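Peer 1: I'd like to go over a predicted model; first the sequence, then the structure.
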Amino acid sequence: MLLEAGAIRECEEHGWMQDRADPHARERAMLVARQNPPVGISSDEAVAAIEDVLGSIGDACPECPPTE
Ligand SMILES: [Zn+2]
């Protein structure tokens, strides 16, 4: 869901999820979660889950050399 909204991306080499730090993409993901939550969970729970994920992933792949 977050990938679809463009809020996060996946490292092409290692597959780590990376926060894109894009507030608009986050808003979009929240909106999608609220309007179209996965089967079996409420929209509130879906939003909370997204906040959890965004809070737990970094903005860079831990295995990639830092790019500056
Ligand atoms: Zn990587």
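Peer 2: The structure has been received and is ready for your questions.
Peer 1: mind checking the SS state of residue 41?
Peer 2: coil (DSSP: H, G, I helix; E, B strand; the rest coil).
Peer 1: what about residue 3, how many residues nearby?
Peer 2: Counted with other CB atoms under 10 Å, the neighbours of residue 3 add up to 11. For the C-beta atoms, the positions are set from N, CA and C on the backbone; glycine is no exception.
Peer 1: poorly predicted segments of this protein, please.
Peer 2: Within the chain, the segments meeting pLDDT under 70 span 1, 66-68.
Peer 1: how about the residues of it near the ion?
Peer 2: Within reach of the ion by CB under 5 Å from the ion, the chain has these residues: 11, 13, 14, 61, 63, 64.
Peer 1: which parts of the protein are strands?
Peer 2: 8-10, 17-19 (DSSP state E).
Peer 1: what are the contacting residues of the last one?
Peer 2: Read it as strand 17-19. Outside strand 17-19, the residues that touch it by CB atoms under 8 Å, 6 or more residues apart in numbering are 2, 7-11, 53-54, 57-61.
Peer 1: ok, now the first one?
Peer 2: Applying CB under 8 Å, 6+ apart, the set of residues contacting strand 8-10 from outside is 2, 3, 16, 17, 18, 19, 20, 25, 53, 54, 57.
Peer 1: keep only those of the residues you listed that are in helices.
Peer 2: Judged by DSSP state H, the contacts of strand 8-10 include 2, 3, 25, 53, 54 as members of helices.
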